[in-house]
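Colleague: Let's see this in three dimensions:
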Amino acid sequence: MAAGMAALLLLPLAFTPAAQAEPLRIGLIDSTIYDDAIVAIVKEAGFEAEIIHATVDVLRDRFVSGDLDMDCCSIPEWRTRADEAEVQLFSDHFFVAADHLILGPNVRRPATDAPINLEGLRFATVKGFNYTLDNQIRLRVPVETIEDAFDALADGRADVTVFGVQEFFRMQAANPLPVVLGPVTQRYGLRIRVHKDHADQLPGLNAAIARMKSDGRIDALIGKALRANKAH
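Modeller: So this is what the prediction gives:
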């Protein structure tokens with residue numbers, strides 16, 4: 001999808017609180033395996049939601065403007081812009097994920113315990129994404145989407161990028177490319193971001209996350225989405 005476009009999907013979710021006059025507008029990235037889990041969490045919390053898919057840069061700008069009430073998925077360390085910090089709150093984490101270095105076919109895989117060294121390597125950076133290795137990136141290959149980043153590795157325009165392991169397997173299941181899963185660069189707990197205008201929704205959201213983590217529903221939904229991608 002082009003950076004300026006969004007696909008709207010109205011999901012009538014049960015258990016809508018009586019005080020909620022309109023559905024909450026929740027932004028999700030175009031390509032993700034977390035959609036079903038997020039929808040289930042929102043439903044468990046008793047909210048009605050309008051799901052808005054778009055690229056990361058579009059979601060971030062719409063969140064700041066107040067056009068989105070929540071978005072997913074991120075962590076505070078990835079959302080450090082001053083305009084975002086003024087209006088954002090974060091839920092408790094709902095899933096522990098890991099980012100990995102993703103290597104092009106001609107890049108030697110570093111040892112698992114070796115420090116990450118990006119010297120001389122061209123890094124595919126997706127518009128709107130933040131990278132914990134940002135201070136090491138010297139040669140940037142800007143792209144629009146996750147798919148574009150994988151394509152850049154496969155066709156030799158870039159040497160490395162970084163994505164979550166679940167997204168790596170999702171991408172490879174949908175369109176196998178000659179790219180290699182490298183070592184872990186970061187482990188983190190994914191969270192739902194809540195606009196401060198809807199701070200009163202945060203306790204219910206956190207309670208829903210706690211229940212669904214406890215009984216394994218979140219892990220099951222994410223696992224199911226990953227298996228569905230592999231089946232295709």
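Colleague: what about the helices in the chain?
Modeller: Using DSSP state H, the helices of the chain run over residues 35-44, 56-65, 82-85, 146-154, 165-174, 202-214, 217-231.
Colleague: ok, the residue lying closest to residue 59 once chain neighbours are set aside - how many residues close by?
Modeller: Counting by CB to CB, 6 or more residues apart in numbering, residue 27 is the residue found nearest to residue 59 once chain neighbours are left out, at 4.1 Å. Bear in mind the C-beta positions are built from the backbone N, C-alpha and C, glycine included. As a burial measure, residue 27 scores 23 neighbours (other CB atoms under 10 Å).
Colleague: now do residue 77
Modeller: Around residue 77 there are 10 residues (other CB under 10 Å).
Colleague: give me every residue that touches residue 219.
Modeller: Residues near residue 219 by CB atoms under 8 Å, 6 or more residues apart in numbering: 95, 213.
Colleague: Residue ranges of each domain in this structure, please.
Modeller: According to automatic domain parsing, the chain comprises the domains 6-95+189-231, 98-187.
Colleague: top strand in this protein by residue count?
Modeller: Longest strand in the chain, counting residues (DSSP state E): strand 180-195.
Colleague: which strands and helices sit next to that one?
Modeller: Judged by 3 or more CB pairs under 8 Å, 6 or more residues apart in numbering; DSSP states H and E, the packing partners of strand 180-195 are strand 70-74, strand 88-90, strand 95-103, helix 202-214.
Colleague: before we move on, the earlier item: which stretch in the domains of the chain is the model least sure about?
Modeller: Mean pLDDT is lowest for domain 6-95+189-231 among the domains of the chain, at a mean of 88.
Colleague: in stretch 87-94, what's buried?
Modeller: 88, 89, 90, 91, 93, 94 (16 or more other CB atoms under 10 Å).
Colleague: end to end, how far does that stretch reach?
Modeller: 21 Å (CA to CA, to the nearest Å).
Colleague: Need the residues that contact it.
Modeller: Defining contact as CB under 8 Å, 6+ apart, one finds that stretch 87-94 is touched by 37, 41, 63-64, 66, 74-76, 79, 188-197, 199, 202, 205-206, 209-210, 212-213, 218.
Colleague: buried subset of those residues?
Modeller: 37, 41, 63-64, 74-75, 79, 188, 190-195, 202, 205-206, 209, 212-213, 218.
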